[in-house]
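Participant: Build me a structure from this.
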Amino acid sequence: MTPLPAPLPPLPVTGNLWRTDQLNAVGLNSRAIRQLVNRGGLVRLRYGCYIRAALWEKQSPTVRSLQLIHAHAHGTLTTSRGDFVYSHTSAARLHGLFLWNTDDLIHILLRVRPSGERLGKDVRGHTRPYTDAEVTTLGRLRVTSLERTVVDCAMVLKYRQALILTDHALRLGASLDLMNSMAGNLPGRSGVRNLRRALASADIRAESAGETLTRELLVRLKLPMPDAQVEVQSRVGRHRLDFAWKEKKVALEFDGKVKYFDYQPTAEVLFQERRREKALAEDGWVFVRIEWMDLFREHEFKNRILGALRP
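Facilitator: Presented below is the predicted three-dimensional model:
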């Protein structure tokens, strides 16, 4: 008869995120910690830092990415003097900016590149000079300012990733003039052309990453450009369309998952949008609805737009 496995050692009643020394302090030695990780009680987020598995399993990918940053901050309380600032995509996450297809590495900005200090495999250190005005505090964490974050990210991300980030930053109040000024002080720097391109093409009216990518695709395919966030009237009230060619009464709507799941229950949003679309169709409007996958079927996308715009 196979013996039953020994019960898991109990985790602390309070808290969900612990350093190794905190677990040791409540009687959990390295063997007990390893046992908890192997049997699903703990998740090791990084060297010397663990989270309660029951909490980790419930978190969305966005929350998990943030949790990794907080795990780094928690873990470095006893290993670092704290003279660093979270930057690049880590700062973007802490500011709540849209990120598309980026990794979960921790990015920090330092006054000087560390010599003997071990940052860890999951950490990237940067040393481009910064001023006190380019640093803010979010929660208890020191983070690059919104504008500095966009500038840093746009110099290392691909163009479409940078454009999504820049659009959202403008909606959150970032100063385009300040970012252009920062870009002007970086002649010859790697990535500065990508940064300037993103700043020149950014649009504060984009309400989601999907809308940004839709606009970028329209430009790249040299299609007639619609107006964004167009208000129209129907028998059931006033409505706002993502994009519209008003003279031709053609609307282009992005039906991305984020648009529905972040605000209202999906069923209610869909009901209201279909009700609105039916009323506008009575007035002669034609709708082209696209989803994420349509943004990567470029020939089909172009044909659908041109077909809708034909008389």
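Participant: which stretches of this structure form helices?
Facilitator: Secondary structure of the chain (DSSP state H): helices at 20-25, 30-38, 53-58, 61-75, 88-95, 146-154, 159-171, 176-184, 192-201, 209-220, 257-261, 266-282, 298-309.
Participant: Need the winner for burial among these.
Facilitator: Scoring the helices of the chain by mean neighbour count under mean count of other Cβ atoms under 10 Å gives helix 146-154 as the most buried, with a mean of 27. Yep, even glycine has a C-beta here, placed from its N, CA and C like the rest.
Participant: May I have that helix as CSV, with CA atoms only?
Facilitator: What follows is helix 146-154, C-alpha atoms only, in CSV (Å, rounded to 0.1, in the frame of the first residue of the first chain):
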residue,chain,number,x,y,z
LEU,A,146,5.2,59.1,-17.7
GLU,A,147,7.1,61.0,-20.4
ARG,A,148,10.5,59.5,-19.7
THR,A,149,8.9,56.1,-19.6
VAL,A,150,7.5,56.6,-23.1
VAL,A,151,10.8,57.9,-24.4
ASP,A,152,12.8,55.0,-23.0
CYS,A,153,10.3,52.4,-24.2
ALA,A,154,10.0,53.8,-27.7
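Participant: Can you give me the separation between His168 and Asn180?
Facilitator: Separation of His168 from Asn180 (Cβ to Cβ, to the nearest Å) stands at 17 Å.
Participant: Same question for Arg160.
Facilitator: 20 Å.
Participant: got CSV for the helices of the chain, with mean pLDDT and distance to Arg111 too?
Facilitator: Formatted as CSV, those follow (pLDDT from 0 to 100; distance: least, Cβ to Cβ, whole Å):
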stretch, mean pLDDT, distance to Arg111
helix 20-25, 92, 27
helix 30-38, 92, 35
helix 53-58, 94, 34
helix 61-75, 93, 18
helix 88-95, 98, 16
helix 146-154, 98, 15
helix 159-171, 98, 25
helix 176-184, 97, 19
helix 192-201, 97, 22
helix 209-220, 96, 33
helix 257-261, 51, 37
helix 266-282, 78, 48
helix 298-309, 97, 45
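Participant: which of the residues in stretch 129-144 are buried?
Facilitator: For stretch 129-144, burial by neighbour count (16 or more other Cβ atoms under 10 Å) applies to Tyr130, Glu134, Val135, Thr136, Leu141, Arg142, Val143, Thr144.
Participant: and what of stretch 227-243?
Facilitator: Buried, per 16+ other Cβ under 10 Å, within stretch 227-243: Ala228, Val230, Val232, Ser234, His239, Leu241, Asp242, Phe243.
Participant: What's the end-to-end length of that stretch?
Facilitator: 6 Å (Cα to Cα, to the nearest Å).
Participant: Same check on stretch 281-301?
Facilitator: End-to-end distance (Cα to Cα), stretch 281-301: 21 Å.
Participant: to the chain's geometric centre, what's the distance from it?
Facilitator: 25 Å (Cα atoms, centre = their mean, to the nearest Å).
Participant: In it, which residues are buried?
Facilitator: Trp285, Phe287, Val288, Ile290, Asp294, Leu295, Phe301.
Participant: So which of the helices of the chain is nearest Ile108?
Facilitator: With Cβ to Cβ as the criterion, Ile108 lies closest to helix 88-95 of those, at 7.2 Å.
Participant: Pull the distance from the closest one to the chain's centre.
Facilitator: 8 Å.
Participant: want to throw the buried residues of stretch 281-301 into CSV with distance to Glu211?
Facilitator: Below are the buried residues of stretch 281-301 laid out as CSV (distance: Cβ to Cβ, whole Å):
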residue, distance to Glu211
Trp285, 19
Phe287, 15
Val288, 14
Ile290, 10
Asp294, 13
Leu295, 11
Phe301, 14
